[in-house]
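Asks: all I have is the shape, not the residue letters:
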């Protein structure tokens, strides 16, 4: 009997060193401040690790799920809807000041799955998987029949326009000779006039115009402690008459950007009189986030990082909420508005 009493008392003693079980995290809605803070962190990470194209802004949080790993240690899965801005990835302009492209500019949308860890209140990105695509040409033409459409970045008219634009700028500028880093986007309009619109990133070299004319191959980009990137826009009227308009702006010296060391491996070596190096995205109309987002664990086969049960349950969840509201027989006061479903979240940009 004494042995039985001792055993009962022993079992009631707290186990030394035992870690208390972490309470399950409260379900997060897509518009909850914690989800929005994680999404903002993820978007900054994606832009900070992209090597080509433009910065993307958050449009909507499509889905969020939190999986507890212990006390003050959560894994967060986010599904994000992004929109391309007019700021090139090299631009020092803060994302908050970057303009989202309008629908009539043949905009580009991005989709990202991001896995984060929140440990003791600090966020870090564990994995990400992104891709992007241009809006439907058919939808754009229905709304705006004369709007120019995105063209292939290695289209012959596009390359000719970039060549002419950069030659024109260099011939009139007193600044160092500029070389092309990449073609950002291009659009061609055929009616009522034939026009080409291009955007491209540039960098200053160690040459003057005269030196470049003698030996353009000898013109090298400035070293990191003097680097100076910039961005150009140009429009070229082909018919009914020829006309060219160019505007180039240099950003000034910045902290060396991760994009610069990556450029040579994407170069084709196909130089022109302007010293142009065609973009990596040859044959494509936009720089796909799947290719330009530099994340060593980002891949299309990363199913272990983004389990289907986590990021594909959104339609089921939305349907369940809709059915619950439809079959809800509880009397409601006059003017009652049911709360919105937790996901997807609000749309931040309504494009025209």
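Replies: In hand now; what should we look at? Keep in mind that this is a model prediction, so the values were computed, not measured. Numbering: from 1, shown residues only.
Asks: pLDDT of stretch 193-206, averaged?
Replies: Average pLDDT, stretch 193-206: 95.
Asks: kindly apply the preceding question to stretch 240-253 instead.
Replies: For stretch 240-253, the per-residue pLDDT averages 91.
Asks: can you tell me what sits against that stretch?
Replies: The contact list for stretch 240-253, computed with Cβ atoms under 8 Å, 6 or more residues apart in numbering, reads 90-92, 161, 164-166, 168-169, 173, 175, 178, 193, 202, 204, 225-237. Where you see a C-beta, it was placed from the backbone N, CA and C, and this is true even at glycine.
Asks: and residue 48, how many residues sit next to it?
Replies: 12 (other Cβ atoms under 10 Å).
Asks: before we move on, what about residue 172?
Replies: 9.
Asks: confidence score at it?
Replies: Per the predicted model, pLDDT is 92 at residue 172.
Asks: give me phi/psi at it?
Replies: Main-chain torsions, residue 172, degrees, to the nearest 10: phi -110, psi -10.
Asks: now the one 3 residues further on
Replies: Comment: the main-chain dihedrals of residue 175 come out as phi -80, psi 170, following degrees, to the nearest 10.
Asks: and it, how far is that from residue 249?
Replies: 11 Å (Cβ to Cβ, to the nearest Å).
Asks: and those two? Which one has more around it.
Replies: residue 175 (14 against 11).
Asks: picking that back up, among the contacts of stretch 240-253, which are in strands?
Replies: Judged by DSSP state E, the contacts of stretch 240-253 include 178, 202, 204, 228-237 as members of strands.
Asks: who wins for neighbours among those residues?
Replies: Ranking the ones in strands among the contacts of stretch 240-253 using other Cβ under 10 Å puts residue 178 first, with 28 neighbours.
Asks: show me where this structure has its strands.
Replies: 54-70, 73-88, 108-119, 122-134, 149-150, 178-189, 194-204, 228-239, 243-253.
Asks: paired strands for the fifth one, with orientation please.
Replies: To tie it back to what came earlier, the one meant is strand 149-150. strand 178-189 (antiparallel) (DSSP bridges).
Asks: and the chain, what are its domains?
Replies: 26-144+286-296, 154-256 (the TED database).
Asks: specify which member of the ones in strands among the contacts of stretch 240-253 is nearest to residue 220.
Replies: residue 204 (10.4 Å; Cβ to Cβ).
Asks: so what's that closest one bridging to?
Replies: Bridge pairing for residue 204 - DSSP bridges - gives residue 178.
Asks: and of the strands of the chain, who's closest to residue 33?
Replies: Short answer: strand 54-70, nearest of the strands of the chain by Cβ to Cβ, at 11.7 Å.
Asks: average model confidence for the closest one?
Replies: Rounded mean pLDDT across strand 54-70 is 95.
Asks: just checking, what packs against that strand?
Replies: Judged by 3 or more Cβ pairs under 8 Å, 6 or more residues apart in numbering; DSSP states H and E, strand 54-70 is in contact with helix 33-48, strand 73-88, strand 108-119, helix 308-311.
Asks: now with 6 Å, please.
Replies: helix 33-48, strand 73-88 (3 or more Cβ pairs under 6 Å, 6 or more residues apart in numbering; DSSP states H and E).
Asks: how about those in TSV, adding distance to residue 130?
Replies: Listed next are the helices and strands packed on strand 54-70 as TSV, based on distance: least, Cβ to Cβ, whole Å:
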stretch	distance to residue 130
helix 33-48	6
strand 73-88	8
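Asks: pick the most deeply packed of the ones you listed.
Replies: strand 73-88 (a mean of 22; mean count of other Cβ atoms under 10 Å).
Asks: other residues contacting it?
Replies: Residues from elsewhere that reach strand 73-88, judged by Cβ atoms under 6 Å, 6 or more residues apart in numbering: 25, 38-39, 42, 54-57, 59-60, 62-69, 93, 98-101, 108-110, 112-119, 184, 201, 231, 310-311, 349.
Asks: which PyMOL command selects the buried ones in the residues you listed?
Replies: One line in PyMOL is enough to select the buried members of the contacts of strand 73-88, burial here meaning 16 or more other Cβ atoms under 10 Å:
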select buried, resi 38+39+42+54+55+56+57+59+60+62+63+64+65+66+98+100+101+108+109+110+112+113+114+115+116+118+184+201+231+310+311+349
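Asks: let's have the helices and strands packed on strand 54-70 in TSV, adding mean pLDDT and distance to residue 197.
Replies: Formatted as TSV, these follow (pLDDT from 0 to 100; distance: least, Cβ to Cβ, whole Å):
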stretch	mean pLDDT	distance to residue 197
helix 33-48	96	24
strand 73-88	96	13
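Asks: how about residues contacting stretch 185-192?
Replies: 146, 148, 150-151, 158, 195-199.
Asks: noted, bye for now.
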